[in-house]
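Enquirer: any chance you can model this:
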Amino acid sequence: MSRVALQPRLLVALAIGALSLPLSGTAAAERSRAAVVPVRRTAVPILMYHVVAKPPASAPYPELYVRPEDFAAQVQWLDDNGYAAVTLRALWEHWFHGALLPRKPVVVTFDDGYRSVVSAALPVLAARSWPAVLNLTFKNVGLPGGLTERQVRRLLTAGWELAAHSLTHPDLTGLGRAALTREVAGSRSALRRTFGAPVDFFCYPAGRYDASVVAAVEDAGYLGATTTISGLARPDAMHELRRIRVNGSDGAGGLAAALARLEQR
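Expert: Below is the predicted model:
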């Protein structure tokens with residue numbers, strides 16, 4: 001489920017290089033976590049967030065709200081355990097062109113475009129110079145509780161990646177060809193035109209897709225697309241990239257357990 005009722009009008013909706021100079025002590029430990037590795041085809045975790053805030057009593061899906069203190073603890077746990085955040089484009093460049101990545105890459109994604117992404121998530125990630133991916137539903141821009149154009153540009157300036165999450169967040173599997181093209185290709189065009197940024201990845205609204213939807217995403221020129229299916233992302237399924245949903249009740253321990261379970265498979 002990718003929709004949250006934050007406000008009545010809101011739709012329910014890089015590569016890091018290693019220095020060649022020798023280091024010691026704490027500096028060496030910090031550098032080792034970002035040391036580059038040879039090209040690989042192994043799976044990578046993509047985390048799925050929505051709202052970084054305490055859920056209001058009226059929230060229909062409270063599990064989609066992660067409290068700011070829990071988010072900070074999760075990012076701290078990732079940092080302490082050697083992970084470093086990268087964009088989907090960096091991951092694609094690594095898988096298909098041999099670009100360098102951290103030893104333990106993780107992709108952090110935020111669906112829909114809620115204002116808490118800037119107020120609560122950005123400062124935590126920026127403190128580590130970590131990027132994230134904003135899966136933005138175009139119609140949410142400027143709505144109460146949603147990101148403004150200025151805030152989206154602030155994220156882009158901080159190194160975030162912009163990905164499309166459709167124009168209006170419909171169930172794409174129920175649309176005719178013209179409407180499907182408008183939602184998929186049209187959202188890419190609208191985001192590019194508005195923000196002047198590359199939009200190379202798509203996120204299926206509410207995780208709903210079928211063969212026709214995948215074909216529309218491919219035809220629109222997206223390099224890949226993320227789903228709500230639990231698992232690690234693999235290069236042999238670029239338009240069905242799996243993610244790890246981070247629920248409001250998980251905390252740092254729940255995230256750690258989910259990563260351990262999936263990475264041991």
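Enquirer: what about the helices in the stretch 51-200 of the chain?
Expert: Here the stretch 51-200 of the chain has its helices, by DSSP state H, counting those that start in this stretch, at 68-80, 88-97, 116, 122-126, 149-157, 177-195.
Enquirer: and the shortest one, average pLDDT?
Expert: To tie it back to what came earlier, the one meant is helix 116. This predicted structure assigns helix 116 an average pLDDT of 97.
Enquirer: what does that helix contact?
Expert: Contact partners of helix 116, identified using C-beta atoms under 8 Å, 6 or more residues apart in numbering, comprise Val51, Val52, Ala53, Pro68. The way it works is simple: take the backbone N, C-alpha and C, and place the C-beta from them, glycine included.
Enquirer: any low-confidence regions in the stretch 1-150 of the chain?
Expert: Across the stretch 1-150 of the chain, residues meeting the criterion (pLDDT under 70) sit at 1-40.
Enquirer: could you pull out the strands in it for me?
Expert: Secondary structure of the stretch 1-150 of the chain (DSSP state E, counting those that start in this stretch): strands at 46-49, 83-85, 104-112, 133-136.
Enquirer: for the ones you listed, give me a markdown table that also has mean neighbour count and distance to Glu240.
Expert: Compiled in a markdown table, the strands of the stretch 1-150 of the chain are given as follows (neighbours: other C-beta atoms under 10 Å; distance: least, C-beta to C-beta, whole Å):
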| stretch | mean neighbour count | distance to Glu240 |
| --- | --- | --- |
| strand 46-49 | 24 | 12 |
| strand 83-85 | 21 | 22 |
| strand 104-112 | 25 | 15 |
| strand 133-136 | 28 | 15 |
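Enquirer: can I get those strands in CSV including distance to Ala73?
Expert: Supplementary listing: the strands of the stretch 1-150 of the chain in CSV, determined by distance: least, C-beta to C-beta, whole Å:
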stretch, distance to Ala73
strand 46-49, 14
strand 83-85, 14
strand 104-112, 14
strand 133-136, 21
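Enquirer: wait, which of the ones you listed is closest to Cys203?
Expert: With distances scored as C-beta to C-beta, the stretch of these nearest to Cys203 is strand 133-136 (3.7 Å).
Enquirer: run me through the strand neighbours of that closest one, direction for each.
Expert: In the sheet containing strand 133-136, its partner strands are strand 104-112 (parallel), strand 161-164 (parallel), by DSSP bridges.
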